[in-house]
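# Please find the sequence and the predicted model below.
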2 protein chains.
Amino acid sequence: MIFSYKRLFDFTYSVFINIGCSNEHASLAARVLLSADLRGIDSHGIARLSGYIRLWDAERVNPKPAIKVIHETPSTAVVDGDKGLGLVVAPFAMKIAIEKAEACGTGWVSVKNSNHYGIAGYHAMMALEKDMIGISMTNASALVAPTFSTERMLGTNPICVAIPAGEQPPFVADFATTTAANGKLEILQRKGAPMPVGWGQTPDGGETTDANILKEGGALLPLGSDREHSSHKGYALGSIVDIFSAVLSGASYGPWAPPFPAYVPMPANMPGEGLGHFFGAMRIDAFRPAEEFKLHMDNWINRFRQAKPVSPDQPVLIPGDPEREFEEIRMKQGIPLLEPVVNDLKQIAERFGISL
Amino acid sequence: MIFSYKRLFDFTYSVFINIGCSNEHASLAARVLLSADLRGIDSHGIARLSGYIRLWDAERVNPKPAIKVIHETPSTAVVDGDKGLGLVVAPFAMKIAIEKAEACGTGWVSVKNSNHYGIAGYHAMMALEKDMIGISMTNASALVAPTFSTERMLGTNPICVAIPAGEQPPFVADFATTTAANGKLEILQRKGAPMPVGWGQTPDGGETTDANILKEGGALLPLGSDREHSSHKGYALGSIVDIFSAVLSGASYGPWAPPFPAYVPMPANMPGEGLGHFFGAMRIDAFRPAEEFKLHMDNWINRFRQAKPVSPDQPVLIPGDPEREFEEIRMKQGIPLLEPVVNDLKQIAERFGISL
């Protein structure tokens, strides 16, 4: 079933209004959430709306947060999200990073006491129109086992780096620090299909192709999959995201990161408050004239597009290409939703007495 | 054959003096180069000394560089390395990042017109004693094929992030953005052993276990190894390092990065000057009190050390553990060198009339 962006936006906005968000926050949260659906990252979009509502039901989300800066220097800030939706806390924090960069070249903001923030890319890409490089990362519920471990210690902890270009579209790398994001497993689960070896492991650390392995106590694997293929590097990357987002800000980290599913009890003895994020903005002209940089980015992108392909029907891609193509198509033709997602939305519509 | 650190330091220092470095630069270059041997990253240490000399012979390295800041803001700078040894240009730039961080919370320095800078870790770790997080990355000669390509477009482009702790040793993640660093292939070449599938590819993009595949026109693979295991993420990471280090500074990027082997001709139509690096320093107390942060880092590290292991004889490691153990052992017991490396050093000793 295909829905126009406008229709899903109006619905999502109404839902956020119904849980008590201000107009401004409801509109922003809807825009951030749906940017995932537009960009083809279906697992992080409207499919999660019911999850956010369950967090609100469980009083883990504050719909009227007093988001504030609690510490700052000329180039840094720490933001307390006041248990707000990450979907509104994150743009608030990224805006501060951008303002700091305007004033002194770069801005870096670590956030505590937040919730899931949608796709990393939305926030990083806010920097592009200011001729800045944008950086965004977040910790998340623990689903990933470090190298040599059977225990879930880290989230899929994504990173996005968005870099402006000139004639070319921007370079936007937005990726989980695991071999496969959880959303990819969910797609295979729906199909009843196996997953490749190296995406996850069994509860005792063995190989598996079972896409349901997380439900059986298994874990996702860090980028690299196994020690021989340098999973310790994916583990290090996920750890850096966790530390920048949560240890630097005072959020809860590692296995104590608050779970997204509201039915999972909060971890005992949490060492910090809520989820954490980390944002950066670097003004291009804090390094070299922006026009000069953009000419070279165009040259970089053109050269990589022309890199000799293994097969003539699959040219080399630039990070951000697939998501941008999705966005162009879906903005025109609408967003396809799976039946279980539509049913979920219908239940929400009924509960709040609004139309889908 | 085992050599004391002191003996190798004195030798390396003399060699750098003999190619025309100042006392200060020779001493710094020797310290940075040998930090690789101490930390067990043998491929980046004294084994490369003859390579640096060949670059000097080819007049690609300036032993008396006038390294200078050519652009700056309160939190950023661009450094021109004046074709100096990366071994001295990099600490100069990292020092500026640290000074910027002292003044305004964080400091970010992009460097052009440099050469190979040894291990990424040395420079990032300079921040630790100042209670700062240190970040270091560099581009390098193109050996790596992007996802879907057969062409060498990126270097092994390493990243290091060094994070201070309290009672615990610091967290130091220092890794190439490829599945395997070239040094690992060199070890297998010496043994005549095959390499695992997923480390490299044949000239037409096929699977291989031939550790000599680079000599036959093949390529290293980005972290992730193949598309199914998210090599596009390793490709994105290597690209980010290339852009931050070289496009931001005005160095030569992508397939135009200057080659380390002096016998390889410089690429035609280079779009920038020399190799590029990128450094960052973030004052911990620009985010939260350093003592508080360090207590939480100790807690983070302790918890990850206790993560349930797959096998009881291989506990979970913290990034930096293996290198620190090497350093403790080798500082006491000396640095083992392979026969071809010792022969190389003997030739250098003879050439300059110094003793090994």
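On my side now, so go ahead.

# backbone phi and psi for the residue of chain A positioned farthest from its centre, please?
Counting by C-alpha atoms, centre = their mean, the extreme residue of chain A relative to its mean C-alpha position is A:Pro312, 32.4 Å from that point. Phi and psi for A:Pro312, reported as degrees, to the nearest 10, are phi -60, psi -20.

# if I look at it, how far off is B:Ala58?
Distance of A:Pro312 to B:Ala58, computed by C-beta to C-beta, to the nearest Å: 38 Å. To be clear about C-beta, it is placed using only N, CA and C from the backbone, and glycine gets the same treatment.

# Can you tell me the element A:Asp37 falls in?
For A:Asp37, the host element (DSSP states H and E) is helix A:23-38.

# Report the distance from that helix to the chain centre.
13 Å (C-alpha atoms, centre = their mean, to the nearest Å).

# just the CA coordinates of it, formatted as CSV?
Listed next in CSV are the C-alpha coordinates belonging to helix A:23-38 (Å, rounded to 0.1, in the frame of the first residue of the first chain):
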residue,chain,number,x,y,z
ASN,A,23,2.8,22.3,17.4
GLU,A,24,6.4,23.0,16.7
HIS,A,25,7.7,19.7,18.2
ALA,A,26,5.0,17.6,16.6
SER,A,27,5.8,19.1,13.2
LEU,A,28,9.6,18.6,13.7
ALA,A,29,9.2,15.1,15.1
ALA,A,30,7.0,14.1,12.1
ARG,A,31,9.5,15.5,9.6
VAL,A,32,12.5,13.8,11.2
LEU,A,33,10.7,10.4,11.6
LEU,A,34,9.4,10.4,8.0
SER,A,35,12.8,11.4,6.6
ALA,A,36,13.7,7.7,7.2
ASP,A,37,10.7,6.5,5.1
LEU,A,38,11.6,9.0,2.3
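
# Show me what that helix is packed up against.
Helix A:23-38 sits against helix A:5-18, helix A:86-104, helix A:120-125, helix A:321-333, strand A:335-336, with contacts defined as 3 or more C-beta pairs under 8 Å, 6 or more residues apart in numbering or on different chains; DSSP states H and E.

# so what secondary structure elements neighbour the last one?
Judged by 3+ C-beta pairs under 8 Å, 6+ apart, strand A:335-336 is in contact with strand A:2-3, helix A:23-38.

# now do 6 Å
If contacts are counted by 3 or more C-beta pairs under 6 Å, 6 or more residues apart in numbering or on different chains; DSSP states H and E, strand A:335-336 sits against no helix or strand.

# what's the answer for the third one, then?
In terms of contacts (3+ C-beta pairs under 6 Å, 6+ apart), helix A:120-125 is packed against strand A:132-138, strand A:159-163, strand A:171-175.

# Quick check: which of those strands is nearest to chain B?
Chain B lies closest, by C-beta to the nearest C-beta, to one member of the helices and strands packed on helix A:120-125: strand A:171-175, at 3.6 Å.

# Show me the contact partners of the helix or strand just after the closest one.
The helix or strand immediately downstream of strand A:171-175 is helix A:182-191, counting by DSSP H and E. Helix A:182-191 has contacts (C-beta atoms under 6 Å, 6 or more residues apart in numbering or on different chains) with A:43, A:156, A:195, A:211-212.

# please redo it, this time with the cut-off set to 8 Å
Helix A:182-191 is contacted from outside by A:41-44, A:143, A:156, A:176, A:194-195, A:199-200, A:211-212, A:214, A:220, A:338, A:340, using C-beta atoms under 8 Å, 6 or more residues apart in numbering or on different chains.
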